[in-house]
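>>> Sharing a sequence plus its predicted fold:
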Amino acid sequence: MKKNLVWFRNDLRVYDNTALYQSCKFYEDKVIALFIDTPEQWKNHFISQKKISFMHHNLISLEEKLSEINITLYYYQSTTFLQSIKYLIHFCHQKKINNLFYNYQYEINERNRDYIVKKKLSEQGILVKGFHDSILVPINDIKNKKKNSYKKFSIFNEKIKKYLKKNIIRCLPIPIKRKDKDNDATSFFKFKKSIIKFNKKIFPIGEQAAVERLKNFFKYKINDYSFNRNIPSLDGTSMLSPYLSIGIISSRRCFFMFLKNKNSNPPDTIYNSSWFNEIIWREFYYHLLVSHPNLSKSKSMSEWENFMNWENNSNYFDAWKNGCTGFPIVDAGMRQLKEIGWMHPRLRMITSSFLVKNLLIDWRKGEKYFMSQLIDGDFAINNGGWQWCSSFGTDYVPYIRFFNPFLQSKKIDKSGNFIKNFIPELNNVPNNFIHNPHEWSNKKKCFVNYPDPIVDYNDTKKKFMLIFNKAQLEFKKQV
DNA sequence: GTGTAGTTGGA
DNA sequence: CCAACTACA
């Protein structure tokens, strides 16, 4: 008989959890679980209060689920990763652990932490077992001829789909109930009384809620997804991102249920579905993060970014954060983010493009601000999205991408329903002026309690192109 | 095999 | 623009 410890981190679920499943492989083994909170580390990673609260309340739910299969979840509040290692080692000794199980995390601090844990525990005769779990396909299975991860989404997409068609992905069941439970008193219940800092109606707690959400999406939303996902006033997306980001549901389960739901369709339609593509984008950014550890160190994929002469005007930055730029679609998105900790994906592109290409502010400032607000903050995806929008990421194009807020707004929020929902000051502005209210107030000489545009779109666009081209030239000069 | 020229295409 | 393919020496 061995004693196994499952160390939960970003995988707060019992169904299809590789580490948990593996730890329960032998019925004679004793299994306990542990979660170590590291608030200081979260602070350094700009993790939002909403996400932390969401995580805590999902931990309560996880504790109940684990209890049903006679596994005790211990909780300890540490500070940083470095401190958490000390506690983990202490805990392993105290509980006389033989094997430690966990699922891999791919960010650099997380990897360093796990490296130290593995080294120290191995020296003391404790077996450490890590698993690929939050991704669909192990990183090494999708590589180019030079054994590097693909840098172009289209190629990665092609390869991974070929792989997924060939290799059947299975979900792991919930382990069967253990013989007996470790019954030490724990400090676990402290969150039961703590205030919920996110909107529970929009983001219900627990694994079951995530599965319901997925089923509901397949039932009512997926058929119109490719159109509706671009309209922020519609509830057209699956809104599963907060659940995926802390592993309340696995992307394997999303894929598996998606196939099951769609199995009457021809395979090409299934694999080309725009929703499935989003799952692959998530996958792509995770694979990229592993092959390019510099992404975790605030580096751009494009090296000439070092030569960018960012303006970083702090007044503009504040206006952007508070939704007071005078560009209604940008401001509505930014206010949605602040209010519920989630922003419609289309608006994430528009607002981030605007910060970088019209306010000329370093994309990293935006990246960090997003993290500090998002309930679904996921480093790989947030970073990938920001790099893509700022044109310093992987998908090179011979032109610079610009999102014109005015044109985008007319396209995705024609009648201004979304804008008015988040900017009530604009309630009296007629629909045909909702995308440029300052023109209406100038013309009609009426006062609208909403700022004029803080910058000129075309001027700043030209300015960005100048700075961008100059940076590229200077980079080439140096090489 | 492996190095290179030419082609393709891009949330 | 440039990754990643194909073709061919």
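That came through, no problem.

>>> Let me know the helix or strand that the closest residue to A:Met343 other than its chain neighbours is in.
The shortest distance from A:Met343 to any residue other than its chain neighbours is 4.3 Å, reached at A:Leu337 (C-beta to C-beta, 6 or more residues apart in numbering). In short, each C-beta sits where N, CA and C put it, glycine included. Using DSSP states H and E, A:Leu337 sits in helix A:328-340.

>>> So which elements touch the next helix or strand after that helix?
Downstream of helix A:328-340, the first helix or strand assigned by DSSP H and E is helix A:345-357. With contacts defined as 3 or more C-beta pairs under 8 Å, 6 or more residues apart in numbering; DSSP states H and E, the packing partners of helix A:345-357 are helix A:314-322, helix A:328-340, helix A:363-373, helix A:379-390, helix A:405-412, helix A:457-478.

>>> Nearest to DNA strand B among those would be which one?
With C-beta to the nearest atom of the strand as the measure, helix A:379-390 is the member of the helices and strands packed on helix A:345-357 nearest DNA strand B (4.6 Å).

>>> How much space separates the nearest residue to A:Pro453 once chain neighbours are set aside from DNA strand C?
Spatial nearest neighbour of A:Pro453, excluding adjacent residues (C-beta to C-beta, 6+ apart): A:Gly326 at 3.8 Å. Separation of A:Gly326 from DNA strand C (C-beta to the nearest atom of the strand, to the nearest Å): 33 Å.

>>> what number of residues lie near the residue in the stretch 1-150 of chain A positioned nearest to DNA strand C?
The nearest approach of the stretch 1-150 of chain A to DNA strand C comes at A:Tyr150, 3.5 Å away (C-beta to the nearest atom of the strand). A:Tyr150 sits with 20 neighbouring residues when counted by other C-beta atoms under 10 Å.

>>> Show the pLDDT at it.
pLDDT for A:Tyr150: 93.

>>> In which helix or strand does it reside?
Here A:Tyr150 sits in a region with no helix or strand, counting by DSSP H and E.

>>> A:Val117 too?
Assigned by DSSP H and E, A:Val117 falls within helix A:108-123.

>>> can you list the residues that contact that helix?
If you take C-beta atoms under 8 Å, 6 or more residues apart in numbering as the criterion, helix A:108-123 is touched by A:9, A:41, A:45, A:81-82, A:84-85, A:88-89, A:92, A:100, A:102, A:104-105, A:128, A:130, A:293, A:296-297.

>>> got the residues of chain A near DNA strand B?
Where chain A comes near DNA strand B, counting by C-beta under 7 Å from any atom of the strand, the residues are A:152-154, A:277-278, A:281, A:349, A:384-385, A:388, A:395-398.

>>> Tell me which two of these sit farthest apart.
The two members of these with the most space between them (C-beta to C-beta) are A:Glu278 and A:Pro398, at 25.7 Å.

>>> who's more crowded, the two?
Neighbours per residue (other C-beta under 10 Å) separate A:Glu278 from A:Pro398, with A:Glu278 holding more: 18 against 4.

>>> Specify the local secondary structure of the more buried one.
helix (DSSP: H, G, I helix; E, B strand; the rest coil).

>>> Give me the residue ranges of chain A where confidence is low.
Along chain A, the model assigns pLDDT under 70 to residues A:184-192, A:479.

>>> In the record's domain split, what are the boundaries for chain A?
Using automatic domain parsing, the domain ranges for chain A come out as A:3-133, A:134-171+A:208-291, A:303-478.

>>> Quick one: distance of the first one to the chain centre.
It stands for domain A:3-133. 20 Å (C-alpha atoms, centre = their mean, to the nearest Å).

>>> Now the terminal residues of that domain, how far apart.
For domain A:3-133, the first-to-last residue distance is 22 Å (C-alpha to C-alpha, to the nearest Å).

>>> Point to the residue nearest the middle of chain A.
With distances taken as C-alpha atoms, centre = their mean, A:Asp378 lies nearest the centre of chain A, 2.8 Å away.

>>> which non-adjacent residue is nearest that residue?
Nearest to A:Asp378 is A:Ser245, by C-beta to C-beta, 6+ apart, at 4.2 Å.

>>> Provide a list of residues in contact with that neighbour.
Shown in contact with A:Ser245 (C-beta under 8 Å, 6+ apart): A:Asn10, A:Lys51, A:Asp376, A:Gly377, A:Asp378, A:Ile381.

>>> what's the closest of those residues to DNA strand B?
DNA strand B has its nearest neighbour among the contacts of A:Ser245 in A:Ile381, at 7.7 Å by C-beta to the nearest atom of the strand.

>>> That closest one reaches A:His287, doesn't it?
No. Checked against C-beta atoms under 8 Å, the pair A:Ile381 and A:His287 is beyond contact range at 12.0 Å.

>>> how about the helices in the stretch 151-300 of chain A?
A:153-166, A:207-216, A:225-228, A:241-245, A:251-262, A:267-271, A:274-291 (DSSP state H, counting those that start in this stretch).

>>> List only buried entries from the contacts of helix A:108-123.
In terms of neighbour count (16 or more other C-beta atoms under 10 Å), the buried residues within the contacts of helix A:108-123 are A:9, A:41, A:45, A:81, A:84-85, A:88-89, A:92, A:100, A:102, A:104-105, A:128, A:130, A:296.

>>> Distance from the chain centre to stretch A:434-452, please.
With C-alpha atoms, centre = their mean, you get 36 Å for stretch A:434-452.

>>> How far does that stretch stretch from one end to the other?
Terminal-residue distance, stretch A:434-452 (C-alpha to C-alpha): 13 Å.

>>> can you check stretch A:296-306 too?
Per C-alpha to C-alpha, stretch A:296-306 runs 16 Å from first to last residue.

>>> How about stretch A:136-144?
End-to-end distance for stretch A:136-144: 18 Å, by C-alpha to C-alpha.

>>> got the residues of the stretch 1-150 of chain A near DNA strand C?
Where the stretch 1-150 of chain A comes near DNA strand C, counting by C-beta under 7 Å from any atom of the strand, the residues are A:Asn144, A:Lys145, A:Asn148, A:Tyr150.

>>> Most neighbours among these, which one is it?
When neighbours are taken as other C-beta under 10 Å, the top entry among these is A:Tyr150 (20 neighbours).

>>> A strand includes A:Gly130, no?
Yes. Counting by three-state DSSP, A:Gly130 is part of a strand.

>>> what's around the nearest residue to A:Tyr102 once chain neighbours are set aside, how many residues?
Once flanking residues are discounted, A:Tyr102 sits nearest to A:Trp7: 4.3 Å by C-beta to C-beta, 6+ apart. Using other C-beta under 10 Å, A:Trp7 is surrounded by 24 other residues.

>>> Next: A:Ser226.
Neighbours around A:Ser226, by other C-beta under 10 Å: 13.

>>> who touches it in this structure?
Counted by C-beta under 8 Å, 6+ apart, A:Ser226 has contacts A:Ser273, A:Ser274, A:Trp275.

>>> Now the buried members of these.
Among those, those classed as buried by 16+ other C-beta under 10 Å are A:Ser273, A:Trp275.

>>> of the contacts of A:Ser226, closest to A:Ser61?
For the contacts of A:Ser226, the nearest to A:Ser61 is A:Trp275 (25.8 Å; C-beta to C-beta).

>>> ok, that closest one to DNA strand B distance?
In terms of C-beta to the nearest atom of the strand, A:Trp275 sits 11 Å off from DNA strand B.
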